[in-house]
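Peer 1: next come a sequence and a model predicted from it.
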Amino acid sequence: MHRTFNQKELFQCVNRGSIIAIALLFTYIFLNTMPQVVPTTFVRNIAFAGGNKGHFNADDFKIKKFGIGTDGNPFLTVEGNAGDSTPQKADTGLAYVFETNNGTYAATSDWMYTKWHAHELTLDDKNCVKSMNMRSGVGVEIGDDVKITNSSATKLKNVMTAEFAIDNKDGSICANQIFDSAPK
């Protein structure tokens, strides 16, 4: 059976199709241009390399105070402004590292994704990354201090601030400069 559309039906069909096509186009553009979001990250002092690339202040990594906060989260406070410094060069990252009774966690900003975010990781005796879990559910809050959230840690053994670099020869990621550390 062959059906013939009148002009009004054809116009409604074309309009509906156009609206759907436009909606799909805007959805595609939105999903492909929005920045990736780390859902467990809350940053009050947002630091992006785009405007601050190369900005570094050593005081942002001098540990002043650290411990487990009244909210149950590991934290550290620095002499400068936590999270204000960003990586200065390619293949590097800056980190606030927390060794706890429930694993080791790092709040990091790296040359590819400068927004501060958290990882669970394992370090060897030379402070090289043996493993990294980017989907552990831990988060970072940066304000007056740096805080690791959702870690279930109850004791803090050690904190460290460092610059990590990728060795392009073997792909290893190691601390090439430790700014400060403090045992508990």
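Peer 2: Structure received.
Peer 1: can you name the residues that contact residue 57?
Peer 2: 80, 81, 84, 85 (CB atoms under 8 Å, 6 or more residues apart in numbering). Using the backbone N, CA and C atoms, a C-beta is placed for each residue, glycine as well.
Peer 1: now the spatially most central residue of the chain: how far from residue 140?
Peer 2: By CA atoms, centre = their mean, the mean C-alpha position of the chain lies nearest to residue 117, the distance being 1.9 Å. Using CB to CB, to the nearest Å, we find residue 117 at a distance of 6 Å from residue 140.
Peer 1: try residue 166
Peer 2: Residue 166 is 21 Å from residue 140, by CB to CB.
Peer 1: the more surrounded of these two?
Peer 2: residue 140 (29 against 18; other CB atoms under 10 Å).
Peer 1: helix/strand/coil for that one?
Peer 2: Look at residue 140: counting by DSSP: H, G, I helix; E, B strand; the rest coil, its state is strand.
Peer 1: so it touches residue 146, yeah?
Peer 2: Yes. With contact defined as CB atoms under 8 Å, residue 140 counts as touching residue 146 (6.7 Å).
Peer 1: and residue 70, backbone torsions?
Peer 2: Phi and psi for residue 70, reported as degrees, to the nearest 10, are phi -60, psi -20.
Peer 1: contacts only, for it.
Peer 2: Applying CB under 8 Å, 6+ apart, no residues contact residue 70.
Peer 1: pLDDT value on it, please?
Peer 2: Here the pLDDT value assigned to residue 70 is 94.
Peer 1: tell me the SS of residue 151?
Peer 2: Here residue 151 is coil, with the state taken from three-state DSSP.
Peer 1: how close does the closest residue to it other than its chain neighbours sit to residue 118?
Peer 2: Of all residues not flanking residue 151 in the chain, residue 138 sits nearest, at 5.1 Å (CB to CB, 6 or more residues apart in numbering). Distance from residue 138 to residue 118, counting by CB to CB: 5 Å.
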